[in-house]
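> Quick check, what structure comes out for this input:
(chains A and B)
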Number of protein chains: 2
Amino acid sequence: MPRLLILSSDPDAYYKLIRSAALPELEFVTDPSECDMVFGEPRLIREVMPNLSKAKWIQSMFAGVEVLMDPSFRRDYTLTNARGVFGELMSEYVFGYILAHEKKIFERRLAQIARKYDRFESGVLRGKTLGLLGVGSIGSHLAGTAKHFGMTVHGFTQSSETNKDVDVYYHGDEILKFAAGLDYLVCVLPRTKATDQIVDANLLDALPSHAVLLNVGRGNAVDESALEAALKNGTIAGAILDVTAKEPLPEDHPFWTTPNLLLTFHTSAISYPIDITRLFIENYSLYIEGRPLKYQVDFEKGY
Amino acid sequence: MPRLLILSSDPDAYYKLIRSAALPELEFVTDPSECDMVFGEPRLIREVMPNLSKAKWIQSMFAGVEVLMDPSFRRDYTLTNARGVFGELMSEYVFGYILAHEKKIFERRLAQIARKYDRFESGVLRGKTLGLLGVGSIGSHLAGTAKHFGMTVHGFTQSSETNKDVDVYYHGDEILKFAAGLDYLVCVLPRTKATDQIVDANLLDALPSHAVLLNVGRGNAVDESALEAALKNGTIAGAILDVTAKEPLPEDHPFWTTPNLLLTFHTSAISYPIDITRLFIENYSLYIEGRPLKYQVDFEKGY
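Below is the predicted model:
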């Protein structure tokens, strides 16, 4: 009988959802050393990692699992993460902010406060180009929404090239060429060594001056000093950062007051228990049948 | 040889686009009494209406043609308006503001200004219900975008019921029932006698208290005193008004400072010459072939 350990800041929600699914054979345990499988938040899993001696499968409740990549940790188990459930939430966030920029909703609010009936023109998404730095399941969903709004989609990727909503793919040393044609650059990268400061001064310089950067992946992808300078110098028009290198953002960080920079405090796509439990149940069914699990993390790549 | 009068605040853009299309037989004239057809803005057409004695066809550059409905004006000609080109622009505007509300982008901006790393939760569009007051070509496009974001769509309409993206239709005396189930009510109605103050105190009372009203149709549809009271009393959560009964909004109007009310000064969907000229050219081809024109206005209905 498989013994499951749940590690969440809101464990009751998950117990309730899993109980109501009446999964065959499943037993809940609370001692890490006794469990065969873990369903939890990466940081909580990390804390008990040395005691998870019997665990054969760990299902992360989040997408980002970099805290489990420590080389001192076991890798002789199957790690699966949350995937495929964040695409629609990320689309809501990304297009909410992109449309807010095009429709100048902050400027219109200021006009209202100043009692000015000022009909300055809105921008239009249709015909503009969205660049995806990372074209996984989230990037693919963003591409679909961009197409719904009549945009052109460019993708920079190391691997998969299967998305029909991406009009042009760029690779390897083409990153500056990729950047040059964009109105919006959306970074959807996981935290790995390969993504460290990929958005650097050169990339920011290569973007058109009206371009806007959005980072909904991980903070490590952005050279924060370079971004601060780019926004102060008008190298690019704006940035919307859901993630930063340090979270919470330190009180004395220049981003609090960098011009044309919006912070959203890692709220773009929270993990809803009902979505994440659906993934767990799907994988549990495969697990008890002895079949390969979905959403497996590659320890070499780190995602 | 058909003689065309162009009446626009930016006539050169239209002359240039039409010339570049090299339409057969077309001649430009500037004297209203000499033209066979007019391509223009409704208010400018209205000014010369008494002199348009020979005009057989008038193509409006805008969607709203209520200023041409004066009973003293001729109706023995074909009036066509701009249709089918505003749907995507309206979707950008409506979903920009709906997403701004869900993602709390004004509140997050205030948190940043206060240097508070405050991770209060965003709302989610997925699963919410959008109500369309009016399901013409704009409403249909909005329905499609709502479906893209996983919303349920309810429509209140007098006539057409052909849109597969509308999940439930309501009619006639069902308007309060229609309102009761909505998270967002989007008014996309033309100005007619039948739409006067359709959004009244009863309708606002019928909406859930978390609901948000958007008006992208015409200002006559809203009882403005009732809306002011509803927002002050918390009967509904917010309103985004692109249109108002009087435009520009009078300087002493309470809407400038009504809580949770955003004004956008009739900018939601401007007429782009390239879109509108495409409609004119399409209809011109039908006109010279003697076939029925598209986008005809029904003088009885007023749209």
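> What segments of the stretch 151-300 of chain A are strands?
Applying DSSP state E, counting those that start in this stretch to the stretch 151-300 of chain A gives strands spanning A:152-156, A:168-170, A:184-187, A:212-215, A:238-241, A:261-263.
> Mind listing residues that contact the longest one?
The contact list for strand A:152-156, computed with C-beta atoms under 8 Å, 6 or more residues apart in numbering or on different chains, reads A:127-135, A:139, A:143, A:146-147, A:163, A:165-171, A:174-175, A:178, A:181-182. In short, each C-beta sits where N, CA and C put it, glycine included.
> Please identify the pairing partners of it and their relative orientation?
Next to strand A:152-156 in the sheet, as set by DSSP bridges, lie strand A:129-133 (parallel), strand A:168-170 (parallel).
> again with the last one
Paired strands of strand A:261-263, with direction, are strand A:238-241 (parallel) (DSSP bridges).
> rewinding a little: as CSV, the strands of the stretch 151-300 of chain A with mean pLDDT and mean neighbour count would be great.
Listed next are those as CSV, based on pLDDT from 0 to 100; neighbours: other C-beta atoms under 10 Å in any protein chain shown:
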stretch, mean pLDDT, mean neighbour count
strand A:152-156, 97, 23
strand A:168-170, 96, 17
strand A:184-187, 98, 26
strand A:212-215, 98, 25
strand A:238-241, 98, 23
strand A:261-263, 98, 21
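> In TSV: these, plus distance to A:Phe106.
Listed next are the strands of the stretch 151-300 of chain A as TSV, based on distance: least, C-beta to C-beta, whole Å:
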stretch	distance to A:Phe106
strand A:152-156	26
strand A:168-170	32
strand A:184-187	17
strand A:212-215	13
strand A:238-241	10
strand A:261-263	9
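> Which of the contacts of strand A:152-156 are buried? Put it as a ChimeraX command.
In ChimeraX, this line selects whichever of these come out buried by 16 or more other C-beta atoms under 10 Å in any protein chain shown:
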select /A:128,129,130,131,132,133,134,135,139,143,146,147,163,165,166,167,169,170,175,178,181,182
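> Can you list the neighbours in contact with stretch A:8-16?
Stretch A:8-16 is contacted from outside by A:Ile6, A:Phe28, A:Phe39, A:Gly40, A:Glu41, A:Leu44, A:Met61, A:Pro273, A:Ile276, A:Thr277, using C-beta under 8 Å, 6+ apart.
> Out of those residues, which end up buried?
Buried members of the contacts of stretch A:8-16, counted by 16+ other C-beta under 10 Å: A:Ile6, A:Phe39, A:Gly40, A:Glu41, A:Leu44, A:Met61, A:Pro273, A:Ile276, A:Thr277.
> Out of the residues you listed, flag the one nearest to chain B.
Comparing the buried ones among the contacts of stretch A:8-16 against chain B with C-beta to the nearest C-beta places A:Pro273 closest, at 13.2 Å.
> Which residue is the nearest non-sequential neighbour of the closest one?
Spatial nearest neighbour of A:Pro273, chain neighbours left out: A:Ala13 (4.1 Å); criterion: C-beta to C-beta, 6 or more residues apart in numbering or on different chains.
> One more: A:Leu213?
Leaving out its chain neighbours, A:Leu213 is closest to A:Ala239 (C-beta to C-beta, 6+ apart), at 4.5 Å.
> Could you tell me which residues make contact with the one you found?
By C-beta under 8 Å, 6+ apart, the contact list for A:Ala239 reads A:Val212, A:Leu213, A:Leu214, A:Asn215, A:Leu227, A:Leu231, A:Thr258, A:Asn260, A:Leu261, A:Leu262.
> How about the first one: what's its closest non-neighbour residue?
Nearest residue to A:Val212, sequence neighbours excluded (C-beta to C-beta, 6+ apart): A:Gly238, at 4.4 Å.
> and what of the fourth one?
If you skip the residues right next to it in sequence, A:Asn215 has A:Cys187 as its closest partner in space, 4.4 Å away by C-beta to C-beta, 6+ apart.
> list the contacts for that neighbour?
By C-beta under 8 Å, 6+ apart, the contact set of A:Cys187 is A:Leu133, A:Gly134, A:Ile198, A:Val199, A:Leu213, A:Leu214, A:Asn215, A:Val216, A:Gly217, A:Ala221, A:Val222.
> switch to 6 Å and redo it
By C-beta atoms under 6 Å, 6 or more residues apart in numbering or on different chains, the contact list for A:Cys187 reads A:Leu133, A:Asn215, A:Gly217, A:Ala221.
> what does A:Ser137 give?
For A:Ser137, the contact set (C-beta under 6 Å, 6+ apart) comprises A:Arg83, A:Gly84, A:Gly87.
> Of those, which one scores lowest on pLDDT?
Comparing pLDDT over these, the lowest score belongs to A:Gly84 (85).
> Tell me how many other residues crowd it.
For A:Gly84, the count of nearby residues is 18 (other C-beta atoms under 10 Å in any protein chain shown).
> returning to that earlier point: with distance to A:Val65 added, can I get the contacts of A:Ala239 in a markdown table?
Formatted as a markdown table, the contacts of A:Ala239 follow (distance: C-beta to C-beta, whole Å):
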| residue | distance to A:Val65 |
| --- | --- |
| A:Val212 | 29 |
| A:Leu213 | 25 |
| A:Leu214 | 22 |
| A:Asn215 | 19 |
| A:Leu227 | 25 |
| A:Leu231 | 31 |
| A:Thr258 | 30 |
| A:Asn260 | 32 |
| A:Leu261 | 28 |
| A:Leu262 | 27 |
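> quick one: which of the residues you listed is nearest to A:Glu107?
A:Asn260 (11.8 Å; C-beta to C-beta).
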